[in-house]
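1. need a structure here:
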Amino acid sequence: MVVGWSIGKRMTKELVIDALETAVKRRNPAPGLICHSDRGSQYCSHAYRELLQKHGFLCSMSRKGECQDNACAETFFHSLKVEWIYGEPLKSRYQMKQEVREYIEVFYNRQRLHSKNGYLSPCDFERVNQSSFLLSA
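-> Sure thing, here's the model as predicted:
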């Protein structure tokens, strides 16, 4: 499930820090959370890595030139581009932000079926697994 995201003019450390802080505010994840990324300088920055460490999150960073290492992140961005953005005449950054919000918050997290989740949406998968955990606890 995608829980933290941000849009800006450039891919900076501030942008990825904002996305991570949004995820923390929305979900308050426990230490041990895995954060997937590529090897971009924004993810290698001291500020971003310190934020991960502060919350006890683990960094899953692909090896140089190996996009397969972070297939889940690569797959998400491919799906966003192919399923939602390509072919859409976007006139402004505001419109782009609205489209990305719609894709992530409405379609991807709540409606899109994922084969790795037993063909459930991320929200349904989380709900089923949380219920299973509560019943077995």
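2. With D69 as the reference, measure out to K116.
-> Distance, K116 to D69, by CB to CB, to the nearest Å: 17 Å. To be clear about C-beta, it is placed using only N, CA and C from the backbone, and glycine gets the same treatment.
3. can you check I85 too?
-> To D69, I85 is 24 Å away according to CB to CB.
4. now do E14
-> As judged by CB to CB, E14 and D69 stand 25 Å apart.
5. Which residue of K116 and D69 possesses the greater neighbour count?
-> Shown here are K116 and D69; by other CB atoms under 10 Å, D69 has more neighbours (16 against 10).
6. check contacts around the more buried one.
-> Contacts for D69 (CB atoms under 8 Å, 6 or more residues apart in numbering) come out as 60-63.
7. Please flag which of those residues sit within helices.
-> Using DSSP state H, the subset of the contacts of D69 located in helices is empty.
8. Any chance of a ChimeraX selection covering the buried ones in these?
-> Buried members of those, defined by 16 or more other CB atoms under 10 Å, are picked up in ChimeraX with:
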select :61,62
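9. Please, where are all the helices along the chain?
-> Under DSSP H, the chain gives helices at 13-27, 41-44, 46-55, 71-79, 93-101, 109-110, 122-136.
10. any chance of those helices in JSON lines, with mean neighbour count, distance to C35 and mean pLDDT too?
-> Below are the helices of the chain laid out as JSON lines (neighbours: other CB atoms under 10 Å; distance: least, CB to CB, whole Å; pLDDT from 0 to 100):
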{"stretch": "helix 13-27", "mean neighbour count": "16", "distance to C35": "7", "mean pLDDT": "94"}
{"stretch": "helix 41-44", "mean neighbour count": "15", "distance to C35": "8", "mean pLDDT": "92"}
{"stretch": "helix 46-55", "mean neighbour count": "14", "distance to C35": "6", "mean pLDDT": "96"}
{"stretch": "helix 71-79", "mean neighbour count": "13", "distance to C35": "9", "mean pLDDT": "83"}
{"stretch": "helix 93-101", "mean neighbour count": "14", "distance to C35": "19", "mean pLDDT": "89"}
{"stretch": "helix 109-110", "mean neighbour count": "15", "distance to C35": "17", "mean pLDDT": "94"}
{"stretch": "helix 122-136", "mean neighbour count": "12", "distance to C35": "16", "mean pLDDT": "74"}
